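mind folding the following:
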Amino acid sequence: MLSPSPTPSHAPSYATVLRTRHASRTFGAALLGRLSYGMISLSLMLAVKDATGSYSLAGAVMALFGATSVFLSPARAALIDRYGPRRALPPMAIAYALLLSVLAHGTWQPGASGVRLGALAVTAGACTPPLGPVMRTLWKGLVPDREHLQRAYSLDGVAEELLFVTGPLLVGLLVKFAEPAAGVAVSAALVLVGTSALVTSPAVRGTGVRPPRTKPLSAAPSGKRLLGVAALRHAVAVAAGVGLCLGALDLLVVAFTDRQDQDAAAAWVLAALSAGSAVGGLTYGAVAWRASSRLRLTALAAALGLSLLAAGLSPNLYVLVGMVAVAGLFVAPAMTTAYLIADESVGAGSRTQAGAWVNTAVNAGSSGGTAVVGPLLGHMPLAACFALAAAPVLLCAAFTVDWTGELVRRWRDALLGRVVGGRRCDRADGVQWVGGRRRGRYLR
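As a prediction, the model looks like this:
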């Protein structure tokens, strides 16, 4: 990979990140391709519904597409790590764009076969280029240090959030003038053009190519064994918890606004979530944190869960908007930290896979959250459903606590009465020590 050029000597900022050599070009190309992912879900669902006249079939096709796209993401990322983006991304992008084009053609007119559309959706999902994990891997080589990398990841996360807000709006505008299948065709064109621009960037040269038989003994494991790395496992767990929360929240917001007889307000509540996430992500990235990544991840996950619990107690729509916006403040920072931990916990030859595992976890969690909460809405109070949605991320926060850490050890000892007036008691035999000298027994 090309060595990043020196950045200005003043404090790191988003401007210095974007002024880094090749950063704007590479990031812009990746965003163009990723805009396809913001458009394809709604475009494909509308196109299949129009072609078959069945909402259930449209939902089934989308489920097949999403499942293969999400769960095969680590496998595609492994190909990126093995062969490098320049060799592995173009075949994926070409196959993906071609299959989407066939789907667009097949849904342009009514009467399409549901089985054929399902098969095409499965195959297209399996070929989805992992542009997000690739771009996060590229940031590591583009920016010179950890502080710049934190800002780059925050910027990346906020931009991705905006893409998934902008994409459906573009689809809504497009279907006013053309068939919904046109949105599928545009998605195909975007991913092809964006990927082509990305792989021709000088920043991509040599990235991810793993030299044969030269892997050092200390290198991190690859493939599924990556989840044996404790730090990565914690990041993946929290990402899954965040995804479960967000997937459930989408449906809970719709249910809340329906009970308030203000269905149209659901879009504004979800917009508040995105706005809060953008503000939180940009603010978080601009701070030079002293706390460890693991401690920050735990705190952010806990704050998100508690905010969601509070949102469930909202007496009216205005309070819900405010509480959801507060919850959003922790979404992008939590994901930024999870990606940072994933990047730090593995070797250079596995970074794309590590990021893909985090990405897979949040997407799979989102689908699971919607699936779990949906059937419960008619049988449980809404506040209880909000509490249930908050539970996964709170449990994940507890899972990531370093129970052997110095801070936790001091609190535990204090609560157990083992530290009194600066004196400590040996855990094994209850002997009191003062100034490093033994002073007899100390009652536990």
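
now do the strands in the chain.
419-420, 423-425, 431-434, 437-441 (DSSP state E).

give me the neighbour count for the residue lying closest to Leu376 once chain neighbours are set aside.
Counting by CB to CB, 6 or more residues apart in numbering, Cys385 is the residue found nearest to Leu376 once chain neighbours are left out, at 5.8 Å. No exception for glycine: its C-beta is placed from N, CA and C like everyone else's. Each residue near Cys385 was counted by other CB atoms under 10 Å, and the total is 22.

equivalent analysis for Ala398, please.
13.

over to Trp268?
Using other CB under 10 Å, Trp268 has 15 other residues around it.

check the gap between it and Asp145 for me.
From Trp268 across to Asp145, the span is 40 Å (CB to CB, to the nearest Å).

what's the answer for Ala77, then?
Separation of Ala77 from Asp145 (CB to CB): 25 Å.

which of these two has more neighbours?
Using other CB under 10 Å, the more surrounded residue of Ala77 and Asp145 is Ala77, with 27 against 10.

in this structure that one contacts Gly349, no?
No: shown here, Ala77 and Gly349 do not form a contact pair, counting by CB atoms under 8 Å, at 11.5 Å.

where do the helices of the stretch 251-400 of the chain begin and end?
Here the stretch 251-400 of the chain has its helices, by DSSP state H, counting those that start in this stretch, at 266-285, 293-311, 317-328, 331-345, 351-376, 382-400.

among the ones you listed, which comes closest to Ala67?
helix 351-376 (8.0 Å; CB to CB).

please name every helix or strand in contact with the closest one.
With contacts defined as 3 or more CB pairs under 8 Å, 6 or more residues apart in numbering; DSSP states H and E, the packing partners of helix 351-376 are helix 55-71, helix 73-83, helix 131-142, helix 230-259, helix 331-345, helix 382-400.

mind giving me TSV with these and columns for mean pLDDT?
Below are those laid out as TSV (pLDDT from 0 to 100):
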stretch	mean pLDDT
helix 55-71	86
helix 73-83	90
helix 131-142	90
helix 230-259	88
helix 331-345	90
helix 382-400	89
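
list the contacts for Asp343?
Arg136, Thr137, Lys140, Leu149, Arg351, Ala354, Gly355 (CB atoms under 8 Å, 6 or more residues apart in numbering).

out of these, what pair is the most spread apart?
Taking CB to CB as the measure, the contacts of Asp343 have their most distant pair in Leu149 and Ala354, spaced 14.1 Å apart.

so these two - more neighbours on which side?
Just comparing Leu149 and Ala354: by other CB under 10 Å the higher neighbour count belongs to Ala354, 32 against 23.

my guess is that one contacts Gly347. True?
No: using CB under 8 Å as the test, Ala354 is too far from Gly347 to be in contact (9.3 Å).

now the helices for the stretch 1-150 of the chain?
With DSSP H, counting those that start in this stretch as the criterion, the stretch 1-150 of the chain has helices spanning 14-19, 23-52, 55-71, 73-83, 85-107, 114-126, 131-142, 146-174.

most tightly surrounded among those helices?
Among these, the stretch with the highest mean neighbour count (mean count of other CB atoms under 10 Å) is helix 131-142, at a mean of 26.

for it, name the packing helices and strands.
helix 23-52, helix 73-83, helix 85-107, helix 146-174, helix 181-199, helix 331-345, helix 351-376.

buried set for stretch 263-277?
Ala265, Ala266, Val269, Leu270, Ala272, Leu273, Ser274, Ala275, Gly276, Ser277 (16 or more other CB atoms under 10 Å).

tabulate the contacts of Asp343 (CSV), appending distance to Ala332.
Rendered in CSV, the data for these read as follows (distance: CB to CB, whole Å):
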residue, distance to Ala332
Arg136, 14
Thr137, 19
Lys140, 19
Leu149, 15
Arg351, 20
Ala354, 19
Gly355, 15
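
any low-confidence regions in the stretch 201-350 of the chain?
206-224 (pLDDT under 70).

at 90 instead, please
Residue ranges of the stretch 201-350 of the chain with pLDDT under 90: 203-234, 246-272, 274-275, 285-295, 340, 342-350.

got it, and the stretch 1-150 of the chain?
1-22, 38, 41-64, 66-67, 70-71, 74, 81-82, 108-115, 136-137, 140-150.
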